[in-house]
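*Asks:* Only the shape, not the letters, is given here:
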């Protein structure tokens, strides 16, 4: 198992995901669109990490980053992007 930790100013999130060399057949929800609200960053990051580990782990890092950026829209997040 792999533990991914994401440090945030207000909190720290640890996500435990199984390691595998193949994509999972398990249905995994895609993240909701993120608009930069700090209350939602933890859930957004958790959903992204889980989806990447379960569905697109064998793609290049650049493609994984582009995939995450698809879900960063509107508000302060759009300015950052």
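*Replies:* In hand now; what should we look at? All of these numbers come straight from a predicted model, not from anything done at the bench. Residues are numbered from 1 along each chain as shown.
*Asks:* Show me where this protein has its helices.
*Replies:* Counting by DSSP state H, the chain has helices at residues 41-55, 61-70, 75-80.
*Asks:* pLDDT on the first one, on average?
*Replies:* Mean pLDDT, helix 41-55: 95.
*Asks:* Could you shift the numbering so residue one becomes 2, and keep it that way?
*Replies:* Will do, 2 is the new start, and the previous item becomes helix 42-56.
*Asks:* What helices and strands are in contact with it?
*Replies:* Contacts defined by 3 or more Cβ pairs under 8 Å, 6 or more residues apart in numbering; DSSP states H and E place helix 42-56 against strand 3-8, strand 13-18, helix 62-71. C-beta coordinates here come from the backbone N, C-alpha and C atoms, glycine included.
*Asks:* got the helices of the chain as TSV, with mean neighbour count columns?
*Replies:* As requested, the helices of the chain are exported to TSV (neighbours: other Cβ atoms under 10 Å):
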stretch	mean neighbour count
helix 42-56	18
helix 62-71	12
helix 76-81	12
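*Asks:* Need these in TSV (columns: distance to residue 32).
*Replies:* Shown next, in TSV, are the helices of the chain (distance: least, Cβ to Cβ, whole Å):
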stretch	distance to residue 32
helix 42-56	4
helix 62-71	8
helix 76-81	12
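*Asks:* what's the closest of those to residue 25?
*Replies:* Of all those, helix 42-56 sits nearest to residue 25, with 4.4 Å by Cβ to Cβ.
*Asks:* Fine by me, thanks again.
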